[in-house]
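**Q** Fold the following for me, if possible:
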Amino acid sequence: MKKIYFFIALLTGFFSTAQNDVTFSVDMNGYGGSFTTVYLSGELNGWSGTANPMTDMGGGIWQTTVSLADGEYQYKFSHDDWAGQDNMNAGDACTVTDGGFVNRIVEVAGSDKVLDTAPFSACYDDGNPGPHNTTFNVDMSGYGGSFTTVYISGQFNGWDGTSNPLTDMGGGIWSVTLPLSEMYTEFKFQVDAWTDQENFMPDDAGTVTNGGFTNRYINVTEPQSRDYVWGTEGSTLSTEEFSQAVTFKAYPNPTSDSWNIATNNQTINAVQVFDISGRLVLSETPNAVAHAINGSTLQKGIYFAKISTDKGQSSIKLVKN
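**A** Numbers count the residues shown, from 1 in each chain. Down below sits the predicted model:
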């Protein structure tokens, strides 16, 4: 039985019981065999071969919508009670390799979503294989020992101990942005060329266990930024649906008072600020292209702001000093 990861929904304030309608679709035109019905099988239904039949939409496209709580779910498309199934390659950008099994992965975080139609046994090809700028931020403020430099090591750099150092951003936050090709890749944060490293237990959220090693992982499919806390399972902030249409800047950051938010001439409809535990601490509806978030009443620390406009939403980490 596979595992279900329930992440803290920092961007939404919803509990894990909140349900989101997620639409899955698959293009069967490239499948060479015969079949009667396509099914959605995965952690969402105990890997049942018949619980979630898909609807023939015509033109070789099959589709279904299921209601899911916030979290990450591994799944596959199958047909006729496991008479056939997706056969994906380890390292494909839309997959995760967990305990030797290569499955598709979907992250659900506080809103309905319609997934791109995927070819059977292949990832969706958007014509842009990357590289995609991928930002990794890690909060080291809870680290108990001393260190000089934080590094990120993973499959993408051959687990090298020194090739990708992070930059000290202040407030305990270390950050690096890497141009990565579309891929699924495992990684960890470590300090001073493997003097110390993160340690996880199998089944920790946001990790996979392969060959006796438990590591973090990320699916690189587009530009994105993810925030982590050293040695803590899961990501504290997910911006998987990073919108190129929604760009903005926050300044000064860090600040002791207020953050000024400016967009690319888009009206800011709503601003929600969450603390590190996921608690909503500020909610504002400015309806303006620029806005000042008043942080004077907030304690020192790290916050996450979700900025919503007519063209979508994006998120940013805020530091109060």
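
**Q** which residues of the stretch 151-300 of the chain fall in strands?
**A** Assigned strands in the stretch 151-300 of the chain, in chain order: 167-170, 173-180, 183-191, 196-197, 207-210, 213-220, 224-229, 237-238, 248-251, 258-263, 268-275, 280-284, 290-294 (criterion: DSSP state E, counting those that start in this stretch).

**Q** Which one of those strands lies nearest to S308?
**A** strand 268-275 (4.3 Å; Cβ to Cβ). Glycine gets a C-beta too; all of them are placed from N, C-alpha and C.

**Q** Using CSV, list the CA coordinates for the closest one.
**A** What follows is strand 268-275 as a C-alpha-only set of coordinates in CSV (Å, rounded to 0.1, in the frame of the first residue of the first chain):
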residue,chain,number,x,y,z
ILE,A,268,-4.3,43.2,-6.5
ASN,A,269,-7.6,41.8,-5.4
ALA,A,270,-6.6,40.0,-2.2
VAL,A,271,-3.6,39.6,0.0
GLN,A,272,-3.4,36.8,2.6
VAL,A,273,-0.4,36.5,5.0
PHE,A,274,0.3,33.3,6.9
ASP,A,275,2.8,32.6,9.6
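
**Q** one step back: mind checking which of the strands of the stretch 151-300 of the chain is nearest W47?
**A** It's strand 207-210; of these, that one is closest to W47 (Cβ to Cβ) at 16.9 Å.

**Q** can the strands of the stretch 151-300 of the chain go into TSV with extra columns for distance to T95, mean neighbour count and mean pLDDT?
**A** TSV is the format used below for the strands of the stretch 151-300 of the chain (distance: least, Cβ to Cβ, whole Å; neighbours: other Cβ atoms under 10 Å; pLDDT from 0 to 100):
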stretch	distance to T95	mean neighbour count	mean pLDDT
strand 167-170	31	13	89
strand 173-180	15	17	92
strand 183-191	5	21	96
strand 196-197	25	16	97
strand 207-210	11	20	90
strand 213-220	8	20	93
strand 224-229	17	20	87
strand 237-238	18	24	42
strand 248-251	32	14	74
strand 258-263	35	19	82
strand 268-275	30	19	83
strand 280-284	34	14	86
strand 290-294	38	16	89
